[in-house]
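>>> Sequence first, then the predicted structure, then my questions.
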Amino acid sequence: MKRILPLLFISLALTACGEKKNEDIVKEPNKEGSIETVVSVKHDKGFDILTTTHKVWVKNKLDKVLIKVDTLASLGTTLAEGEDENGHSQRAVVPKDYEFYITVK
């Protein structure tokens with residue numbers, strides 16, 4: 001019995017550490033009453049353009065579209081490594097991307 005108990009705990013721990021499916025991913029918003037938000041950044045010379053688009057859905061109809069455009073300071077560039085269409089490894093200078101953190105209340 002003393003040997004079975006640690007094996008049981010180990011098997012439960014391994015089962016609990018398994019990959020969990022993300023249930024928060026939505027393929028399409030509930031158009032009965034929701035706000036759909038899209039945030040994007042376009043890199044330009046020396047600055048970035050942040051575009052935030054909100055689509056307000058009411059009773060399966062698009063009620064309003066709100067678009068806000070802001071200019072942000074560029075984060076500069078970084079050296080990135082990638083492959084071309086032939087599979088050859090190449091290095092390129094690319095703009096750094098902002099990280100997005102969204103809080104919903």
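Noted; the coordinates are in hand. Numbers count the residues shown, from 1 in each chain.

>>> Look up phi and psi at residue 87.
Residue 87 adopts backbone torsions of phi 90, psi 10, taken as degrees, to the nearest 10.

>>> Quick one: residues contacting it.
If you count contacts by Cβ atoms under 8 Å, 6 or more residues apart in numbering, residue 87 has none. For the C-beta atoms, the positions are set from N, CA and C on the backbone; glycine is no exception.

>>> can you tell me how far it sits from residue 58?
Using Cβ to Cβ, to the nearest Å, we find residue 87 at a distance of 50 Å from residue 58.

>>> go on, residue 75?
Residue 75 sits 38 Å away from residue 58, going by Cβ to Cβ.

>>> Quick check: nearest residue in space to residue 95, chain neighbours excluded?
Spatial nearest neighbour of residue 95, excluding adjacent residues (Cβ to Cβ, 6 or more residues apart in numbering): residue 43 at 4.1 Å.

>>> go on, residue 68?
Closest to residue 68 by Cβ to Cβ, 6+ apart is residue 52, at 4.7 Å.

>>> in terms of contact, does that neighbour touch residue 41 like I think?
No - with contact defined as Cβ atoms under 8 Å, residue 52 does not reach residue 41; the gap is 10.2 Å.

>>> Helix or strand for residue 63, just tell me which one.
In this structure, residue 63 sits in strand 61-73 according to DSSP states H and E.

>>> what about the helix or strand just after that strand, average pLDDT?
Sequence order places strand 77-83 as the next helix or strand after strand 61-73, per DSSP H and E. Per-residue pLDDT over strand 77-83 has a mean of 87.

>>> so how far is strand 77-83 off the chain centroid?
Offset of strand 77-83 from its chain centre (Cα atoms, centre = their mean, to the nearest Å): 20 Å.

>>> and that strand, which strands flank it?
When pairs are called by DSSP bridges, strand 77-83 turns out to pair with strand 89-95 (antiparallel).

>>> buried stuff in the partner strand?
Using 16 or more other Cβ atoms under 10 Å as the burial criterion, the residues of strand 89-95 that qualify are residue 95.

>>> what about dumping the CA coordinates of that strand to CSV?
Backbone C-alpha positions of strand 89-95 (Å, rounded to 0.1, in the frame of the first residue of the first chain) are rendered in CSV as follows:
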residue,chain,number,x,y,z
SER,A,89,18.4,30.6,-43.6
GLN,A,90,18.6,34.4,-43.8
ARG,A,91,19.0,37.3,-41.4
ALA,A,92,17.1,40.5,-41.7
VAL,A,93,16.6,43.7,-39.8
VAL,A,94,12.9,43.9,-38.9
PRO,A,95,10.9,46.4,-36.7
